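Q: Need a 3D model of the following:
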Amino acid sequence: MNYSEAIQFLYGLQMFGAHFGLENTLKLAALAGNPQEKLRFIHVAGTNGKGSTCAMLESIYRAAGLRVGLFTSPHLVSFRERIQVNRQLIPENELIRLVEEIQPLLKQFPSDNHLTLFEVVTVIALKFFAEQKCDLVVWETGLGGRLDATNIVTALASVITNIAFDHQQWLGDTLEKIAAEKAGIIKPGIPVVTATDEKSALGIIKRIARERNAPLKIVSADDVQSRLAKTLAPPLLGDHQKINAALALATVEVLQKQIPISEKQIQTGLQKINWPGRMQLIEKPDGRKILLDGAHNPAGAKALRKALEKKFSAKERTLILGILQDKDWRRICETLAPLAVRIFAVSVLSERTTSPNELASACRAVNPSAKIVPCDSLDVALKKCADDGFVVVTGSLYLVGEALMLLGFSTENSDERGLNEWVVASKPALASR
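A: Predicted coordinates for the structure are as follows:
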């Protein structure tokens, strides 16, 4: 098997969609020797900020000399981004070997019970991290938490970034229902850290933590300045990243007895964080600026808007917007369209894309004075605004990944963004309230 064949095998698993439940992942992990039992984890769930918080935690613990595994999704360009050790992508030859080793195990499942891409990759990641003898794995959930494949582990700490509306069709149509799914990662006696500030959602997290005798640490907006006062703020744009940083610091504090870390190591880790596609500012030699941010739900769009209003001049903003159809794209348009003088509505390279004409219409409704142009592709839009001084590309991480490739800021040769595509094969039974 070569690398292309390994990737094609993973593509083949997409037809089985996303499955909610732990039974298959537990069985596959057992067949693989239960690698999760050899590892220590920080398990991170939440609506927004999961990836950034994971990146901060990884950078801090790596600065302390630990060998740190990082498991995140989706990827921006290369599938190998999802599985990293000390911020090095899993090598192609290792992914090939692990795919070859997992294939015979899949044959031990009934023909009518196919494992999904995410279930298989979860176990591949566990196997790789165990083989690499990682001291710690920063472990991000895929969708939800309670029935997410990542929830087969028992972590040193459970982290819930926040609760907002996203994936309602699968996680529930109220913040309380969504919170119950995210709080499903809480384990008996294992500490929980959260920056959730929505009262009804926080109430659910408090209740579940209490029922499971899990110590709960809440990071409030008031804590942010005091926690960051003695530590330099991370070099990521946006006030929401300060909250994510405070959450990461609170998690480090909770685990100090198990994993001692000095203040200097924390500062070094935060200052060296690298997390592309999230408020990533690219400055061209001629002074032009391009801001990339995967604001893919209303809360993410609100955070982006706040950062734009605070940090960047309102005079000449150009917005390139591409959003998936299963997102609340109308609300995202309502939040972001009023900020721009020119808007290019584009297709995302996904079967789930919202059409440029639909996006353009929604933008016109809230900003009729702007010049709004539907475009078939991001490439066309970037060429049309090649002389604009400040351009924001947002609405989907898929779009951001494409922008990184088109702008020449991706070091990866292979484009595997199609592996982010998924559909739900089974709808979860929502957690009891």
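Q: domains of the chain?
A: 3-271, 280-408 (automatic domain parsing).
Q: ok, how many other residues are close to the closest residue to T353 other than its chain neighbours?
A: Sequence neighbours aside, S347 is the residue nearest to T353 in space, at 4.9 Å (criterion: CB to CB, 6 or more residues apart in numbering). Yep, even glycine has a C-beta here, placed from its N, CA and C like the rest. Counted with other CB atoms under 10 Å, the neighbours of S347 add up to 19.
Q: ok, S347 touching D379?
A: No: in this structure S347 lies outside contact range of D379 using CB atoms under 8 Å: 10.6 Å.
Q: tell me the secondary structure for the spatially most central residue of the chain?
A: Nearest to the geometric centre of the chain sits G51, at 4.1 Å (CA atoms, centre = their mean). With DSSP: H, G, I helix; E, B strand; the rest coil as the basis, G51 sits in helix.
Q: With L76 as the reference, measure out to it.
A: The gap separating G51 from L76 is 10 Å, by CB to CB, to the nearest Å.
Q: One more: A221?
A: 29 Å.
Q: more neighbours, these two?
A: L76 (23 against 12).
Q: my guess is that one is in a helix, correct?
A: No: using three-state DSSP, the assignment for L76 is coil, not a helix.
Q: residue contacts, it?
A: By CB atoms under 8 Å, 6 or more residues apart in numbering, the contact set of L76 is P276, G277, L397, V400, G401, L404, S410, R417.
Q: Now the phi/psi pair for it, please.
A: phi -90, psi -40 (degrees, to the nearest 10).
Q: E402 versus that one, what's the distance?
A: 9 Å.
Q: Which residues are in contact with each of those two?
A: Taking CB under 8 Å, 6+ apart as the contact rule, L76 and E402 both touch R417.
Q: hmm, back to that, adding distance to E421, write the domains of the chain out as a markdown table.
A: Shown next, in a markdown table, are these (distance: least, CB to CB, whole Å):
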| stretch | distance to E421 |
| --- | --- |
| domain 3-271 | 6 |
| domain 280-408 | 6 |
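Q: can I get those in JSON lines with mean pLDDT?
A: Formatted as JSON lines, the domains of the chain follow (pLDDT from 0 to 100):
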{"stretch": "domain 3-271", "mean pLDDT": "91"}
{"stretch": "domain 280-408", "mean pLDDT": "92"}
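Q: Burial check on A386, number of neighbours?
A: Count around A386 with other CB under 10 Å applied: 10.
Q: ok, A183 - contacts?
A: A45, G145, R146, I160, I204, I205, I208, A209.
Q: in the stretch 251-400 of the chain, which spans are strands?
A: 280-283, 289-293, 317-321, 342-346, 371-375, 390-394 (DSSP state E, counting those that start in this stretch).
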